[in-house]
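S.K.: whatever this is, show me its structure:
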Amino acid sequence: MEYVDGNERRFGAADLFFSTTDAKGVIRRTNRVFNTLSRYSAEQLIGAPHNIIRHDDMPAGAFRLMWDELEQGRAACVYVLNRAQDGMDYWVFATVAPLDDGYLSVRVRPSNHALLDPIKQMYARVRAAEREYAARGHSRHEVGEYGARLLSEELGKERFRGLYSFARAALPRELALLVVEGVRVPRRIESDSPMSIVLSMMGAIERDTDELVHQLGEYQDLINGLGAWTTGVRSVVDRAARVGSLVTELTSPDPDSSVPAVAERVRERSTQAVELLQQFNSSLVALYEVVSEVRFRASMMRLHTLMTGIFAAAVLDGAEDDSADAIGDLAEALMADLEPLVPACRNAADLAGRMDADMRSLVSNLDRVKRPFQRWIRALRDEGTQPRTEGADAEALLREAEELGEQGFPETSPLAELAAKARGVVVTLDEHVIRERVGTVREALARMQE
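M.R.: Numbering: from 1, shown residues only. This next block holds a predicted model:
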């Protein structure tokens, strides 16, 4: 589905398209959606540099950052404004993944306008700066490097630590919006033809990973909950540390009092609680990183599965040429997605298990600080107070202690709930089954090439 809005050509959510290039960005293969949107024929595109559709309003820095990621062997995701041969513009969300001898790029309609709109504004600012920089006599390479620095700064203002951090946030959301619109691997009457087998396997892989996508949503909910909790973690750390400090500033005038012994227990436990809080924060960051990576890898695999299925269905419908090479590139990308996804899933499960243990320990430890601290306060009220430092206001310190004792650590209640949620979240990926299905695809491709 295609329509025109001003000078912009828009297309439907189901209109996924792809191209493959060699290592220098020269186009080797396209599908018909690509050709139709660009208004170039396949003959015009094959052998041409991919920048044949480049729009002059796209900042050079965006492409420089993309190539930096690809040269490190990592996939890249970028919102791109293209210009068709007839002068019409069209926006895409582009993913680019390395192949053994080049690159595969799958493009979808941008749907996440909450992210696309600020990106458009960034691009306008960076491109204007690039043009001024070029006008001062700088080379195209220098302009690209300059634009990359400016765009990195712009992304940093939006809390993205570079293009890969942006990709990990952008791709899962764009894929989720495709699913909301009902875009899935098409179904056709099955036969024993190689392309029908390819389509069947893509549908099976999509179903195999449906549960994984659901589980990743649960993980994201957990992370969001933990993230909200940690916004107040500084206050908890400060209170725990202050409790440990207060018990060293006051004592009882009674030489037989239990206050010193209780104070020592409070001090030790509050010190331990502060250490646990700091460790917990580090564990949360680690879990956030690995779950973000799993979501990104799983989303890329789902996108490549979807593109392969859509292309195979188009071949069966007679809308695409029967291309074993194109399916081979897509299958290669799919396997490349799977390789890092498997250990990342295991790592996420391990970290979630440790996080559960950390949270339960933290809840218990904070409770073990609160109860003896309150006994220490009651004993001082009964026996009187004596400052350990000359000139200190004992009554003011005791009032502060009472306020802290009454406040306690109410954050432990939601943390206990989050610990229970962590125990219930798992990540499952049947690696063996998916590898078998991709193996079946390769056997079908071999039949096509006989």
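S.K.: for stretch 265-278, which positions count as buried?
M.R.: Buried residues in stretch 265-278, counted by 16 or more other C-beta atoms under 10 Å: 265-267, 269-270, 272-274, 276-277. C-beta here means a position set from N, CA and C on the backbone, and glycine is covered the same way.
S.K.: now those in CSV, with pLDDT and distance to residue 409?
M.R.: Converted to CSV, the buried residues of stretch 265-278 look like this (pLDDT from 0 to 100; distance: C-beta to C-beta, whole Å):
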residue, pLDDT, distance to residue 409
265, 90, 16
266, 88, 13
267, 89, 16
269, 89, 12
270, 88, 11
272, 88, 14
273, 85, 9
274, 85, 12
276, 85, 12
277, 82, 10
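S.K.: ok, these vs residue 130, which is closest?
M.R.: residue 277 (45.3 Å; C-beta to C-beta).
S.K.: in what helix or strand does the closest one lie?
M.R.: Assigned by DSSP states H and E, residue 277 falls within helix 259-316.
S.K.: next, the angle from the following helix or strand past that helix to helix 259-316.
M.R.: Going down the chain from helix 259-316, the next helix or strand is helix 324-383, by DSSP H and E. Here the directions of helix 324-383 and helix 259-316 differ by 160 degrees (axes from the mean of the first three to the mean of the last three C-alpha atoms, to 10 degrees).
S.K.: distance from helix 324-383 to the middle of the chain?
M.R.: Taking the mean of its C-alpha atoms, helix 324-383 sits 17 Å from the chain's own mean (C-alpha atoms, centre = their mean, to the nearest Å).
S.K.: show me what secondary structure element comes after that helix.
M.R.: strand 386-387.
S.K.: so in that sheet, which strands flank that following strand, and in what orientation?
M.R.: strand 250-251 (antiparallel) (DSSP bridges).
S.K.: and the average pLDDT for the strand it pairs with is what?
M.R.: Strand 250-251 carries an average pLDDT of 88.
S.K.: any idea how far stretch 287-307 is from the chain center?
M.R.: In terms of C-alpha atoms, centre = their mean, the centre of stretch 287-307 is found 8 Å from the chain centre.
S.K.: heads up, I number from 829, so please use that
M.R.: Happy to do that; since the first residue is 829 now, the last one works out to stretch 1115-1135.
S.K.: in that stretch, what counts as buried?
M.R.: 1115-1116, 1118-1135.
S.K.: just stretch 1146-1153 next, same as before
M.R.: By 16+ other C-beta under 10 Å, the buried positions in stretch 1146-1153 come out as 1148, 1151-1152.
S.K.: give me the contact list for it.
M.R.: 857, 859-860, 1022-1023, 1139, 1142-1143, 1273, 1276-1277 (C-beta atoms under 8 Å, 6 or more residues apart in numbering).
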